[in-house]
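K.L.:
quick one, structure for this:
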Amino acid sequence: RSFPRTYLLQKPGVERKGALFFSGPPQKIKLDRKDMVILSILAKDAKTPAVEIGRRIGMSTNAARMRVKRLETMKVIQGYKAIFQPSVIGIQNYEILITTEGITAEKEAEVDKYCRSNPHITLFMSCIGRWDINLSVDIDGPMQLQQTLSEIRDRFGPVIKDFEYTPILHVYKFNLGRSQ
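P.N.:
Sure thing, here's the model as predicted:
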């Protein structure tokens, strides 16, 4: 799950449901060349106006807008996200990687609930491989990092076999789509 940075709102008690990255098995959808160009344009700049999209694909503004809306309806486009650099405002992002042992579905649900309740956790991901859980946390200093790590160990220590944490120095946006 990906969680919004509600701590930036400075409003305690804001509900954080979290959004799933993927919602079930993907369905095969046939896209034409214009759809692919639209996806490429939006991958580079999600704020590209419909006028510009239409001009670049040789369609009217309204037709381009309708194409984008259709891609959203078909769940090809599932959302738009700002790439935020926490370090610009003095916040350090850390990845906390956890290997578990004997974790149950109930305990994993507790971890999810904890992540929803902690406004500084921005990502909770169950993984396959060496690390079973990946948490992304925004921290405003070493004391908060220590407090967060201690809290996680205190709450979930019996199922934590090992963990590591590492600072994320810069957030990059990769465009893996085709260029025009």
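K.L.:
pLDDT below threshold where in the protein?
P.N.:
Confidence mapping of the chain against pLDDT under 70 gives the ranges 1, 9-26, 173-180.
K.L.:
what's the single longest helix in it?
P.N.:
If each helix of the chain is counted by residues according to DSSP state H, the longest one is helix 142-156.
K.L.:
list the buried residues of that one.
P.N.:
Applying a neighbour-count criterion of 16 or more other Cβ atoms under 10 Å, the buried positions in helix 142-156 are L145, T148, L149, I152, F156. Where you see a C-beta, it was placed from the backbone N, CA and C, and this is true even at glycine.
K.L.:
okay, the residues you listed in JSON lines with distance to G79 next?
P.N.:
Conversion of the buried residues of helix 142-156 to JSON lines gives the following (distance: Cβ to Cβ, whole Å):
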{"residue": "L145", "distance to G79": "29"}
{"residue": "T148", "distance to G79": "27"}
{"residue": "L149", "distance to G79": "31"}
{"residue": "I152", "distance to G79": "28"}
{"residue": "F156", "distance to G79": "30"}
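K.L.:
mind listing what Q92 touches?
P.N.:
Taking Cβ atoms under 8 Å, 6 or more residues apart in numbering, we find Q92 in contact with P86, D138, I139, D140, L145, P167, I168.
K.L.:
pull out the buried residues from these.
P.N.:
In terms of neighbour count (16+ other Cβ under 10 Å), the buried residues within the contacts of Q92 are P86, D138, I139, L145, I168.
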